[in-house]
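> Let's see this in three dimensions:
(one chain, ligands or ions: 1)
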Amino acid sequence: MQLSSSQAIGIFDSGAGGLTVASAVKKLLPNEKIIYFGDTAHLPYGDKSFETVKKYALRITDFLLKKNCKLILIACNTASAAAYEAVKEKVKGKALVLNVIDPATEFVAEKKDLKKVGVIGTKGTVSAGIYTKKINHINAEKEVVSLATPLLVPLIEEGFIYDNISNAVIKEYLSNKKLENIDALILACTHYPVIKNQIRKFYNFKTNVIDSSEVVARKLKDVLSENEILNTENKIPDHEFFVSDYTDFFETLAEMFFDEKIKLQKKYL
Ligand code: DGL
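Residues are numbered from 1 along each chain as shown. Next up is the predicted model:
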């Protein structure tokens with residue numbers, strides 16, 4: 001595999017959620033060019049079968065390979081659970097592939113002070129039980145309890161954030177008995193960091209709320225360094241943003257996270 005440091009990093013999600021990961025990548029690796037794809041026409045992924053999500057993920061992978069990306073980051077937990085192996089198989093030899101679940105589960109499994117860990121995510125991620133499996137594979141002593149919170153993605157995509165509607169939904173979900181006495185809550189959906197402070201407020205800022213974007217960005221940096229394709233050129237990259245369907249909120253969120261004016265391009269796959 002002949003990859004070069006000047007190639008872009010391809011990042012995708014069902015919508016705007018992956019922007020939380022992309023912005024952490026931008027912060028840590030400001031020289032890297034990012035090509036972002038939000039599959040807004042097919043959102044939400046969390047309620048679809050894994051077979052369908054895999055099909056979408058492979059189409060996007062194809063697109064990002066054509067864009068000559070050196071690494072593809074699946075910035076969606078649902079797609080990471082449903083399609084990581086299939087994406088790796090498709091990409092074989094042409095780029096590197098990362099998912100968002102492994103860095104987060106490794107991080108939590110090694111934290112000694114966390115005995116009972118809560119996980120919230122989409123129906124797809126939670127019913128796959130992937131966080132429990134991966135955390136317990138590294139550390140069998142951790143108690144992992146998971147809860148599907150499917151209303152949060154549509155609320156975030158519609159811009160219902162830091163308001164009474166989202167506060168009521170958060171309260172209803174997080175008051176679930178399953179999540180009682182947890183030492184930490186993992187946000188196992190890349191949309192949820194958008195409302196991280198609302199969630200922290202529910203816990204009066206006392207429970208550790210873990211958002212995987214920073215650990216994922218650190219993992220990405222390590223992988224690029226190990227493969228000697230970290231971009232060290234001192235030039236501001238021209239990031240590209242694609243969506244499969246225009247939505248009002250995507251652009252607002254992208255500009256908020258990237259702190260720059262973005263030009264959104266429509267590409268239906
Ligand atoms: N952001 C996604 C995740 O991390 C998916 C949300 C959805 O489309 O349901 O799971």
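
> Count the neighbours of the closest residue to Ser212 other than its chain neighbours for me.
Take Ser212 and drop its neighbours on the chain: the residue closest to it by C-beta to C-beta, 6 or more residues apart in numbering is Ala104, 3.6 Å away. C-betas here are computed from N, CA, C, even on glycine. Applying other C-beta atoms under 10 Å, we find 27 residues neighbouring Ala104.

> do Glu240 as well
Neighbour count for Glu240, taken as other C-beta under 10 Å: 17.

> Could you give the bridge partners of the nearest residue in space to it that is not next to it in sequence?
In space, Glu240 comes closest to Ile35 once its chain neighbours are excluded; the distance is 4.7 Å by C-beta to C-beta, 6+ apart. As for beta bridges, Ile35 partners with Gly10, Glu240 under DSSP bridges.

> any idea how far Ile35 is from Asn68?
Here the distance between Ile35 and Asn68 works out to 9 Å (C-beta to C-beta, to the nearest Å).

> more neighbours, those two?
Counting neighbours by other C-beta under 10 Å for Ile35 and for Asn68 shows that Ile35 has the greater number, 21 against 15.

> can I assume the more buried one is in contact with Gly10?
Yes. Ile35 lies in contact with Gly10 (C-beta atoms under 8 Å); the separation is 5.0 Å.

> Find the residues that touch each one of the two.
The contact sets of Ile35 and Gly10 overlap at 64, 67, 69 (C-beta atoms under 8 Å, 6 or more residues apart in numbering).

> contacts with the ligand among these, please.
Restricting the shared contacts of Ile35 and Gly10 to those adjacent to the ligand (criterion: C-beta under 6 Å from any ligand atom) removes every one of them.

> Output these in a markdown table; the columns should cover secondary structure and pLDDT.
Converted to a markdown table, those look like this (DSSP: H, G, I helix; E, B strand; the rest coil; pLDDT from 0 to 100):
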| residue | secondary structure | pLDDT |
| --- | --- | --- |
| Leu64 | helix | 98 |
| Lys67 | coil | 98 |
| Cys69 | coil | 98 |
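
> Confirm that Trp265 sits in a helix.
That one is not Trp; residue 265 is Gln. No. Assessed with DSSP: H, G, I helix; E, B strand; the rest coil, Gln265 is strand; it does not lie in a helix.

> Now it. Nearest residue, chain neighbours left out?
Nearest non-adjacent residue to Gln265, counting by C-beta to C-beta, 6+ apart: Phe242, 5.1 Å away.

> what sits against that neighbour?
35-38, 63, 264-267.

> give me every residue that touches the residue nearest to Ser212.
The contact partners of Ala104, by C-beta under 8 Å, 6+ apart, come to 131, 186, 188, 210, 212, 215-216.

> show me where the stretch 1-150 of the chain has helices.
Listed in chain order, the helices of the stretch 1-150 of the chain (DSSP state H, counting those that start in this stretch) span 19-28, 50-66, 77-91, 101-109, 123-128, 130-138.
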